[in-house]
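> could you look at this predicted model? Sequence included:
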Amino acid sequence: MASAPSNTTPSAGAPGAVHQPDTARDLVKILVAGPFGVGKTTLIDSVSEIRPLHTEEHLSEASAEVDDLAGVREKSTTTVAIDFGRISLPGDVVLYLFGTPGQERFRALWDDIAYGALGALVLVDSRRLDASFDVLGLVEESGLPYAVALNTFPDAPRHHGAERLRQALDLEPGTPMVTCDARDPDSSIDALLALVDHLIGRDPVEAR
Amino acid sequence: MTRRPAGRPLVPAYLSTGGVARPSRPHLERLSVLARSEEPLPGGLPAAELALLDTLEGGSLAVVEAAALLRLPVSAVRVLAADLVDRDLVLARAPIPPAARFDPDLLKRVADGLRALKHHP
């Protein structure tokens, strides 16, 4: 399947660019989680075969047990754009990446997006570690297995030792932590692989 | 962060479903796959359902992809899709078989697939 043309806006009138490959069989998702500005969309864009799409989500809508539109009628409803991208893998698997903001106020939305996810790749900006605390809390509470990827920004301090970072982020010894350049497809794939290899290595009994 | 298509959505979310707030089937996931069935279209379908059917003319779409194309909230598309499934106009299937989420074979296919995509292995 050809990749989506990058110069057009996907719309209902542009078939073909977004539709599922005929071979698609298993659709899986991984959350790319982190605070605003950490590079979630950049990472998704670097590996997605379609130009990342987004849905407008109403923050109050997912707060109900069942999805409903109760909040949509209220003018005060806050909306947030959730980006996602797609990678068709050999072997009839289609991997979706959902950029998921990590603030506490997104908790209800988070639960809906996280439903059925394989795991989460938590993007961290080493210049703003504290901005990632909320998202790490949400991931851990949701029970999703995760890996941490430090997105390398040009002016990020180099002096952080891995151990000190792990300590500052309060990571379990088994949680993978890698560095990545979210603009670079191979680097982003490596970060995703750190997560998936971690999932494979887990004791199936741990898995819920 | 994200460049938005210009203009407002064609159909406001609260009108798109004709005021129905809850889908008739609870288990349409974000990644449930929607496809047009062979059933001929009856007359009188709501515009938003026709728009959803239109997006499926080119092939299957995940719920979330249809939502993005139609610029409707996922929850609205769930309502529309559920109604179309009830009318046998749309087929929906789960993204992966239940319990396959931690299937080591599935995870291995994901890992192998990602490795195969790298430009400089």
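Ah, there it is. Numbers count the residues shown, from 1 in each chain, chains lettered A, B, ... in the order given.

> tell me which stretches of chain B form helices.
B:13-16, B:47-55, B:63-70, B:74-86, B:104-117 (DSSP state H).

> out of those, the one nearest A:V148 is which?
The closest of the helices of chain B to A:V148 is helix B:104-117. By C-beta to C-beta, the value is 17.7 Å. C-betas here are computed from N, CA, C, even on glycine.

> low-scoring stretches of chain B, by residue?
Scanning chain B for pLDDT under 70 picks out B:1-15, B:18-26, B:121.

> what about 80?
For chain B, the stretches with pLDDT under 80 are B:1-27, B:97-102, B:120-121.

> equivalent analysis for chain A, please.
A:1-17, A:21-24, A:58-79, A:104-105, A:153-160, A:203-208.

> thinking again about what came up before, as JSON lines, the helices of chain B with mean neighbour count and distance to chain A would be great.
Formatted as JSON lines, the helices of chain B follow (neighbours: other C-beta atoms under 10 Å in any protein chain shown; distance: least, C-beta to the nearest C-beta, whole Å):
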{"stretch": "helix B:13-16", "mean neighbour count": "20", "distance to chain A": "5"}
{"stretch": "helix B:47-55", "mean neighbour count": "19", "distance to chain A": "5"}
{"stretch": "helix B:63-70", "mean neighbour count": "26", "distance to chain A": "4"}
{"stretch": "helix B:74-86", "mean neighbour count": "25", "distance to chain A": "4"}
{"stretch": "helix B:104-117", "mean neighbour count": "18", "distance to chain A": "3"}
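
> which one of these lies closest to A:Y96?
Set against A:Y96 and scored by C-beta to C-beta, these come closest in helix B:63-70, at 7.6 Å.

> does chain B sit close to stretch A:107-122?
Yes. Residues of stretch A:107-122 are located near chain B by C-beta under 8 Å from any C-beta of the partner chain, namely A:112-113, A:115-116, A:118.

> farthest pair within those?
A:D112 and A:L118 (16.2 Å).

> got the contact list for the spatially closest residue to B:L31 that is not a sequence neighbour?
Distance criterion C-beta to C-beta, 6 or more residues apart in numbering or on different chains; nearest residue to B:L31, sequence neighbours excluded, is B:P95 at 3.7 Å. B:P95 is in contact with A:26-29, A:116, B:29, B:31-33, B:62, counting by C-beta atoms under 8 Å, 6 or more residues apart in numbering or on different chains.

> most neighbours among the residues you listed, please name it.
Each of those was scored for neighbours by other C-beta atoms under 10 Å in any protein chain shown, and A:K29 scores highest at 27 neighbours.

> what's the closest non-adjacent residue to it?
Distance criterion C-beta to C-beta, 6+ apart; nearest residue to A:K29, sequence neighbours excluded, is A:Y96 at 4.2 Å.

> A strand includes the one you found, no?
Yes. Counting by DSSP: H, G, I helix; E, B strand; the rest coil, A:Y96 is part of a strand.

> count of residues packed around it?
For A:Y96, the count of nearby residues is 22 (other C-beta under 10 Å).

> how about A:L129?
Count around A:L129 with other C-beta under 10 Å applied: 15.

> that one reaches A:L169, doesn't it?
Yes. Using C-beta atoms under 8 Å, A:L129 is in contact with A:L169, at 6.4 Å.

> rewinding a little: quick one: which of the contacts of B:P95 sit in strands?
Members of those lying in strands (criterion: DSSP state E): A:26-29, B:33, B:62.

> buried stuff in the lengthiest helix in chain A?
Secondary structure of chain A per DSSP H: the longest helix is helix A:185-201. By 16 or more other C-beta atoms under 10 Å in any protein chain shown, the buried positions in helix A:185-201 come out as A:185-199.

> ok, and of these, which contact chain B?
Near chain B, judged by C-beta under 8 Å from any C-beta, the entries from the buried residues of helix A:185-201 are A:185-186, A:189-190, A:192-193, A:196-197, A:199.

> adding distance to B:K108, write the residues you listed out as JSON lines.
Below are those laid out as JSON lines (distance: C-beta to C-beta, whole Å):
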{"residue": "A:P185", "distance to B:K108": "21"}
{"residue": "A:D186", "distance to B:K108": "20"}
{"residue": "A:I189", "distance to B:K108": "16"}
{"residue": "A:D190", "distance to B:K108": "17"}
{"residue": "A:L192", "distance to B:K108": "14"}
{"residue": "A:L193", "distance to B:K108": "12"}
{"residue": "A:V196", "distance to B:K108": "9"}
{"residue": "A:D197", "distance to B:K108": "10"}
{"residue": "A:L199", "distance to B:K108": "10"}
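
> nearest to B:E49, of the residues you listed?
The closest of those, once distances to B:E49 are taken by C-beta to C-beta, is A:L192, at 36.3 Å.

> contact partners for that closest one?
Taking C-beta under 8 Å, 6+ apart as the test, what A:L192 contacts is A:30, A:47, A:97, A:121, B:114.

> relative to B:L72, which of the residues you listed is nearest.
Looking across the contacts of A:L192 and measuring by C-beta to C-beta, the closest to B:L72 is A:L97, at 21.2 Å.
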